[in-house]
Structure formats: structure tokens, C-alpha cells
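A.B. asks: Let's see this in three dimensions:
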Amino acid sequence: MFEVYRAILMRDLTLALRRRSDVFITLFFFVVVVSLFPLGIGPEMDTLRMIAPGVVWVAALLSSMLALERLFTVDFDDGALEQMLLAPQPMFILVLGKVTAHWLITGIPLVLMSPLMGLQYDLSGNALLVLLVSLLLGTPALSLIGAIGAALTLGLRGGGVLVSLLVLPLSIPVLIFGAGAVEASVSGLGEQGHLYMMGAILVLALLFAPLATLAALRISAE
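C.D. replies: Residues are numbered from 1 along each chain as shown. Okay, the predicted model is just below:
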């Protein structure tokens, strides 16, 4: 099972490296959205520190959805998805490998860029660390939740818009607790509770999202 997971992961990463523009578009969108708010609001540091958690997390959520439409589309168009569904290996592992590849391509660059973006909002070192940890816990959950929407809209015209409509409501808890952790750290209230909740959401997503995605893929393939 691990060999199957590794093969799917390396395959999707190789294909992504051939389309570097998708990776750069996601990261560029995140940087632009986060950077525009200080320019529009002004240099008032108290205001910037107050809005920083929400701005960074909303930008991360929107950026992660940019590449969701292509998560299964390439395999669906060339027939590889049908072969995966007929393979003797558990499809659960195949879905998990593709979601992991999506997170490595879109989530990790956002996580690594977030401390630099946080400096624009005059966040303290501890707040930047909490922001990094919250995104590290939250972005995999966003990829897992997004995979469900991508599978449900597979093969539909205007699937990108439908994915956004399906994924955004499901991603609200991740957004609330992720931004809340950073806000609690800035306010000195303690961020542990929010991070524990994000860890619980990630565990639940790991358990149930691949199964829901698999069921949606089977429906779309039929």
C-alpha cells in the first residue's frame, strides 16, 4: 500500500513540475492578496495587527482552491481515473496520494511564505510562529475538503465555480479556528485551544474526506 501511495504521489508531483505555472499562480495570488491590504488600509500598525489573521487565512483559502479543479480532471480526461478505480489496490490510498501531492504543491509554498507576509502586518515572532503552525495544520484539511468538491464536480461545465460554492462553506471551521489561533496569540489569550481544534479537524478530514471523495469519484465516473 505504501508503494502505491508513493507511486501516485511521485507521479502527480512530476506532472505538476511540468506545469510550474500552476504553482506560481497560486503563490502569486496569495502574495498579491495579502500585500494589497496594507496598501489600501494604511500604515496604522494596530489596525494591521488586528486584521492580519483573517486576511492571511482568507488569502490562503482562496489560493488553495485555484488548483482544485485540476485535481482529478487530467486523469478523468485521459481515462487514467477509470483504471485507478478498477485497480486491485485500495482506491482510498490512491485518493490520499493525489491529495498529498496537491497539498505539497499548493499548501507548502503558502506555509513557507506566510511568515514573510505576516511581517507586513507587524506581527510578533510568537504570532508568526502560530500563523505558521495553524497553516501547517489547516492547509492539509483544506486540500482534503477541496478534494470532495473537485470529485463531485468532475466533468461538469463550469466546475471551478461549483467547486468554490461547495468547498467554501465546508472550509469555514478551518478558517475560523486558524484565524482565531493567530488572533488569540496577538491578544495574549492563548492559542492552544484553537490549534487543538484544528488538529481534530485535520484528523477527521483524514478519516472521512478520502472516503467521501472516493464515493464522489465513482458517481462521476459512471
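A.B. asks: Would you mind listing the outside residues contacting stretch 16-32?
C.D. replies: With contacts defined as C-beta atoms under 8 Å, 6 or more residues apart in numbering, stretch 16-32 is touched by 59-60, 62-64, 66-67, 70, 101, 105-106, 109-110, 113, 117. Quick note: C-beta positions are derived from backbone N, CA and C, even for glycine.
A.B. asks: List only buried entries from the residues you listed.
C.D. replies: 59-60, 62-64, 66-67, 70, 101, 105-106, 109-110, 113, 117 (16 or more other C-beta atoms under 10 Å).
A.B. asks: quick check, nearest of those to residue 194?
C.D. replies: Using C-beta to C-beta, the shortest approach to residue 194 within the buried ones among the contacts of stretch 16-32 belongs to residue 60, at 15.4 Å.
A.B. asks: and the closest one, what element?
C.D. replies: Assigning secondary structure by DSSP states H and E places residue 60 in helix 45-65.
A.B. asks: what helices or strands is the following helix or strand past that helix leaning on?
C.D. replies: Beyond helix 45-65 in the direction of the C-terminus, DSSP H and E gives the next helix or strand as helix 73-78. Contacting helix 73-78 under the criterion 3 or more C-beta pairs under 8 Å, 6 or more residues apart in numbering; DSSP states H and E are the following elements: helix 80-86.
A.B. asks: Show me how far the helix it packs on is from its chain's centre.
C.D. replies: 25 Å (C-alpha atoms, centre = their mean, to the nearest Å).
A.B. asks: got the CA positions of that helix in CSV?
C.D. replies: Listed in CSV are the C-alpha atoms of helix 80-86, where the atom choice follows Å, rounded to 0.1, in the frame of the first residue of the first chain:
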residue,chain,number,x,y,z
ALA,A,80,-6.5,7.0,-16.1
LEU,A,81,-9.1,7.6,-13.4
GLU,A,82,-11.2,4.7,-14.6
GLN,A,83,-8.1,2.4,-14.5
MET,A,84,-7.4,3.6,-10.9
LEU,A,85,-11.0,2.8,-9.9
LEU,A,86,-10.6,-0.7,-11.4
